[in-house]
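>>> structure of the sequence below:
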Amino acid sequence: MQEAAIHYQVLGAAFAVALVLGAVMRRTNFCTMGAVSDWVNMDDLGRLRAWLLAMAVAIAGVLALEAAALASIGRDTLPPYRGASFAWLRYAVGGFVFGVGMTLASGCGVKTLVRAGGGNLKSLVVAALVAAVVYLMYATRLFELSVTSWSEPATLDLARFGVKGQDLGALIGAWTGLEAARAQLAAGVALAAVLLWFVFKSRDFRASFDHVLAGIVVGLAVVIGWYLTAGPLGAEWREYAMMAGEQRPLRVGAQSFTFISPIGDAARYLAQPGDLRLLTFGVVAVGGVVLGAALHALASGGFRLEWFASARDFAAHAAGGVLMGFGGFAAMGCTIGQGVSGVSTLALGSFIAVAAMIAGAALTMKIQYRLLDA
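Sure, this is the predicted structure:
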């Protein structure tokens, strides 16, 4: 019983962080799809800089955790960001499809949850469709037929080339002969510095409390997630899970915040609430974000029920939900899961996925505007 308390300590802490995350995201209107839209359509980089700030904070935080030996983020994380299996085509195609989907659905996975917490019923439909697709991907042969069939032949096993993983440290180390840990530190410091310079060189951004707050909170949330699951408490958590036998909880391992697969896991848990094995880090993160956004919406008087304006509006959101579920699962993450958590590990696949998401979203927005002008 005492050992099981470790499990609920991790989940409770994750829920608390997600609660704050949901409230802050709603308060600041943090939205990665909106960030791309502002950039493409209005040449406004404010929200994009907030996203980049989150990346910089997360990168710096992970570097600090690893340098101080406060967390061990290896190559067997959930998902395996730093793994030697480099599924570049899967990252690219999945990310692109996700970008298209989040544009049609008016927001990425976490934004969908935030909007749902504020009373947006359209987002509940989107989340339900994401959950349905995710469930079909891991419970049927859909993933094998729709992703593995074309992505596996293109996947590179970096270990065959003497490279231990796809993190920048391992890649640079294999190329230059530098120690991987030192190469990782150097690359991370350089990237975080460039991002921070770009973000804060804007006077308008520096003057925006909401943008700065959003970037810092999202980045810190990811760092805390890594510390909870890959630090000392996380080590006890994994040990407990290994000894739990048939009652072993699912998805125990080093991880941080991501929101597409967890939406599917949350739906599965809600269908069987008595099975506590299904209550995972991702599930409580989903619940925490929704509740945090709801509490902020109620406290600020912003809670509003919203439904589809037309059949066309429904079709666009429904298609977006399906594409986000497929793309996010294929790319092994969303704009937070790959865009901040994955990027914080300096995994090459995460950078590819993020670039593809931005490309998919930007192209879809351009097409939408051309159709409106036609």
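
>>> do I have it right that Val10 meets Phe281?
Yes: between Val10 and Phe281 there is a contact under Cβ atoms under 8 Å: 6.8 Å. For every residue, glycine as well, the C-beta is placed using N, CA and C.

>>> list residues touching both of those two?
Residues touching both Val10 and Phe281 (Cβ atoms under 8 Å, 6 or more residues apart in numbering) are Thr229.

>>> more neighbours: which of the two?
More crowded of Val10 and Phe281, by other Cβ atoms under 10 Å: Phe281, with 31 against 23.

>>> tell me how far the more buried one lies from Tyr8.
12 Å (Cβ to Cβ, to the nearest Å).

>>> and what of Ala186?
For Ala186, the distance to Tyr8 equals 39 Å [Cβ to Cβ].

>>> okay, now Ala267: neighbour count?
Using other Cβ under 10 Å: Ala267 sits among 18 other residues.

>>> what of Gly107?
25.

>>> which helix or strand contains it?
Assigned by DSSP states H and E, Gly107 falls within no helix or strand.

>>> next up, the contacts around the closest residue to it other than its chain neighbours.
Spatial nearest neighbour of Gly107, excluding adjacent residues (Cβ to Cβ, 6 or more residues apart in numbering): Met33 at 5.2 Å. Listed by Cβ under 8 Å, 6+ apart, the contact set of Met33 reads Met102, Thr103, Ser106, Gly107, Cys108, Lys111, Thr335, Ala361.

>>> quick one: residues contacting the last one.
Ala361 makes contact with Met33, Val36, Ser37, Val40, Gly99, Val100, Met102, Thr103 under the criterion Cβ under 8 Å, 6+ apart.

>>> the fifth one - nearest residue in space that isn't next to it in sequence?
In this case it means Gly99. Here the residue nearest Gly99, using Cβ to Cβ, 6+ apart, is Gly360, at 2.5 Å.

>>> got it, and Gln338?
Gln338 sits nearest to Ala353 (Cβ to Cβ, 6+ apart), 4.2 Å away.

>>> look at that neighbour and give its secondary structure.
Secondary structure for Ala353, judged by DSSP: H, G, I helix; E, B strand; the rest coil, is helix.

>>> do you know the pLDDT at it?
pLDDT recorded at Ala353 is 98.

>>> quick check: the residue nearest to Gly107 vs Ile260, distance?
Taken as Cβ to Cβ, the span from Met33 to Ile260 is 14 Å.

>>> look up phi and psi at Gln184.
Backbone geometry at Gln184, expressed as degrees, to the nearest 10, gives phi -60, psi -40.

>>> rewinding a little: show me the contacts of Ala361 that map onto helices.
Met33, Val36, Ser37, Val40, Gly99, Val100, Met102, Thr103 (DSSP state H).

>>> looking at the residues you listed, which is nearest Gly162?
Nearest to Gly162, judged by Cβ to Cβ, of these is Gly99 at 33.6 Å.

>>> dihedrals phi and psi, Asn85?
Let me fix one detail, which is that residue 85 is Ser and not Asn. phi -80, psi 100.

>>> now list the buried members of the contacts of Met33.
Met102, Thr103, Ser106, Gly107, Cys108, Lys111, Thr335, Ala361 (16 or more other Cβ atoms under 10 Å).
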